[in-house]
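Peer 1: all I have is the shape, not the residue letters:
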């Protein structure tokens with residue numbers, strides 16, 4: 001027993017010693033690039049069916065049904081999709097309608113290059 005405690009205390013500092021240098025972007029902000037996963041059905045960008053950043057519980061089911069009808073041509077299979085929850089809960093008892101909270105419209109902002117590209121695509125269609 002004493003030997004096990006001695007070994008635990010000997011390796012504990014190594015477990016606590018983690019890298020303190022956080023990867024940073026070119027402008028000095030923390031770099032969160034990578035693969036992210038969420039177990040909620042809350043989309044990254046706010047769908048057009050949502051009225052605002054938070055929906056009340058009574059309207060959440062209708063919003064999820066509208067999003068699923070729009071984004072999924074086939075119905076989701078409950079047996080294989082059991083671990084995905086509904087919309088992400090929000091403070092105050094409602095549900096978030098998008099993962100993006102800023103800007104307030106819930107849409108991913110476009111870079112200047114993306115705006116130019118969008119203009120060229122629109123001009124090509126006209």
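Peer 2: Noted; the coordinates are in hand. Quick caveat: nothing in here was measured; it's all calculated off a predicted structure.
Peer 1: list the contacts for the most centrally placed residue in the chain?
Peer 2: Taking CA atoms, centre = their mean as the criterion, residue 99 is the residue nearest the geometric centre of the chain, at 4.8 Å. With CB atoms under 8 Å, 6 or more residues apart in numbering as the criterion, the residues that contact residue 99 are 38, 42, 43, 44, 88. Heads up, the C-betas are built off the backbone N, CA and C, glycines and all.
Peer 1: 10 Å instead?
Peer 2: 36, 38, 40, 42, 43, 44, 45, 46, 88, 106, 108 (CB atoms under 10 Å, 6 or more residues apart in numbering).
Peer 1: OK, contacts around the spatially closest residue to the third one that is not a sequence neighbour?
Peer 2: Think residue 40. For residue 40, the nearest residue in space outside its immediate sequence neighbours is residue 88; the separation is 4.2 Å by CB to CB, 6 or more residues apart in numbering. Residue 88 makes contact with 38, 39, 40, 41, 42, 95, 96, 97, 98, 99, according to CB under 10 Å, 6+ apart.
Peer 1: look up how far residue 24 lies from residue 88.
Peer 2: Between residue 88 and residue 24 the distance is 28 Å, computed by CB to CB, to the nearest Å.
Peer 1: and residue 119, by the same measure?
Peer 2: 32 Å.
Peer 1: now, among the contacts of residue 88, which is nearest to residue 50?
Peer 2: Residue 50 has its nearest neighbour among the contacts of residue 88 in residue 97, at 3.8 Å by CB to CB.
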